[in-house]
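Engineer: could you work out the structure for the sequence below:
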Amino acid sequence: QVQLVESGGGLVQAGGSLRLSCAASGRTFSNYAMGWFRQAPGKEREFVAAISRGGGSTRYADSVKGRFTISRDDAKNTVYLQMNSLKSEDTAVYSCAANFGATTMFVNRYDYWGQGTQVTVSS
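Structural biologist: Numbering: from 1, shown residues only. Have a look, this model is predicted:
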């Protein structure tokens, strides 16, 4: 089992920045590719970003490319999502997920999920 706990969400004005963190415990964090997803009210969960084991490869949704950066610190068992130039359409609950496999954007490939943290961007 891998337990994931997100933090860093909050209320920010459009154009502002937030950094989300996801702390992992349980099995060896470095063995997992990690992803960030988000879900806005009334919408399906969507892929935001993913990072491979070791951090050598990353993937982003087109909607966040150039604004968001995913990174990981295996010594701290933590994955981060730096979000810049935030827009009102970025408002959602953001969740991190762990996948014992390759980097992927597909929700059903992830084995473990955190509870999520709310991000609200005011225009």
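Engineer: show me what Ser95 is bridged to.
Structural biologist: Note on Ser95: beta-bridge partners Phe37, judged by DSSP bridges.
Engineer: do you know the pLDDT at the closest residue to Thr58 other than its chain neighbours?
Structural biologist: Closest residue in space to Thr58, ignoring its immediate chain neighbours: Ile51 at 5.0 Å, by C-beta to C-beta, 6 or more residues apart in numbering. For the C-beta atoms, the positions are set from N, CA and C on the backbone; glycine is no exception. We have a pLDDT of 98 for Ile51.
Engineer: quickly note the distance from the residue minimising distance to the centre of the chain to Asp73.
Structural biologist: Centroid-nearest residue in the chain, with C-alpha atoms, centre = their mean: Trp36, separated by 2.3 Å. Distance, Trp36 to Asp73, by C-beta to C-beta, to the nearest Å: 15 Å.
Engineer: circling back to that earlier point, what's near enough to touch the residue nearest to the centre of the chain?
Structural biologist: Contacts for Trp36 (C-beta atoms under 8 Å, 6 or more residues apart in numbering) come out as 20, 22, 48-50, 70, 79, 81, 94-97.
Engineer: can you do 7 Å?
Structural biologist: Neighbour list for Trp36: 48-49, 70, 81, 94, 96 [criterion: C-beta atoms under 7 Å, 6 or more residues apart in numbering].
Engineer: of the residues you listed - the most surrounded one?
Structural biologist: Within the contacts of Trp36, neighbour counts (other C-beta atoms under 10 Å) peak at Cys96, which reaches 30 neighbours.
Engineer: fine, thanks again, bye for now.
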